[in-house]
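Engineer: give me a 3D structure for the following:
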Amino acid sequence: MPPNRSLRLLVLLLLSAFGLLCSACASTVPPRAQVLYVAIPPPPDPVEIEGSAPSPVYVWVTGRYDWNGVEYVWIPGQWEPRPYDRAVWISGKWTQTRRGWVWIDGRWALGKHGSRT
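Structural biologist: Now for the predicted structure:
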């Protein structure tokens, strides 16, 4: 390879590496979550049969209604393993606002000492 061509290749590789390094270091702001407002309230939750937990580390995560753009669709509850010791599940809920009904996500929280629910 001629020396001129080798030098160009080296410069190109260095510039590429620098570009990758700069893009990896650049901070990105996550997009704002889009809030979905629904004009009609969700129907009452159906009665769910939980059954028995697969093991003591599992917690029942309640079902919920999801809005598919046309109607509410029921998403059944399920047993989920605790993400950490003493974790409890705080169920999500539909809340009425001036703009319509909005879903507030459920979340894991730290329970009291000895709490298994």
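
Engineer: what about residue 48, which SS state?
Structural biologist: coil (DSSP: H, G, I helix; E, B strand; the rest coil).

Engineer: is it correct that it is in contact with residue 74?
Structural biologist: No - counting by Cβ atoms under 8 Å, residue 48 stays clear of residue 74, with 9.4 Å between them. C-beta: built from backbone N, CA, C; applies to glycine.

Engineer: what's the overlap in contacts for the two?
Structural biologist: Contact criterion Cβ atoms under 8 Å, 6 or more residues apart in numbering; residues bridging residue 48 and residue 74 by contacting each: residue 63.

Engineer: any chance you could map the helices in the chain?
Structural biologist: 3-25 (DSSP state H).

Engineer: low-confidence ranges, it, go.
Structural biologist: Filtered on pLDDT under 70, the chain yields the residue ranges 1-3, 5-33, 113-117.

Engineer: can I get stretch 53-71 in PDB? Just the C-alpha atoms.
Structural biologist: Provided in PDB are the C-alpha atoms of stretch 53-71 (Å, rounded to 0.1, in the frame of the first residue of the first chain):
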ATOM      1  CA  ALA A  53     -48.400 -18.500  44.500                       C
ATOM      2  CA  PRO A  54     -45.700 -20.700  42.700                       C
ATOM      3  CA  SER A  55     -43.400 -20.000  45.700                       C
ATOM      4  CA  PRO A  56     -43.200 -17.500  48.600                       C
ATOM      5  CA  VAL A  57     -41.100 -15.100  46.500                       C
ATOM      6  CA  TYR A  58     -44.100 -14.500  44.100                       C
ATOM      7  CA  VAL A  59     -46.600 -11.600  44.500                       C
ATOM      8  CA  TRP A  60     -50.000 -11.300  42.700                       C
ATOM      9  CA  VAL A  61     -49.900  -8.400  40.300                       C
ATOM     10  CA  THR A  62     -53.500  -7.500  39.700                       C
ATOM     11  CA  GLY A  63     -55.100  -7.400  36.200                       C
ATOM     12  CA  ARG A  64     -56.100  -4.100  34.600                       C
ATOM     13  CA  TYR A  65     -57.900  -2.600  31.700                       C
ATOM     14  CA  ASP A  66     -55.900  -1.300  28.800                       C
ATOM     15  CA  TRP A  67     -57.200   1.100  26.200                       C
ATOM     16  CA  ASN A  68     -56.600  -0.100  22.600                       C
ATOM     17  CA  GLY A  69     -57.800   3.100  20.900                       C
ATOM     18  CA  VAL A  70     -61.400   1.800  20.500                       C
ATOM     19  CA  GLU A  71     -62.300   0.000  23.700                       C
END
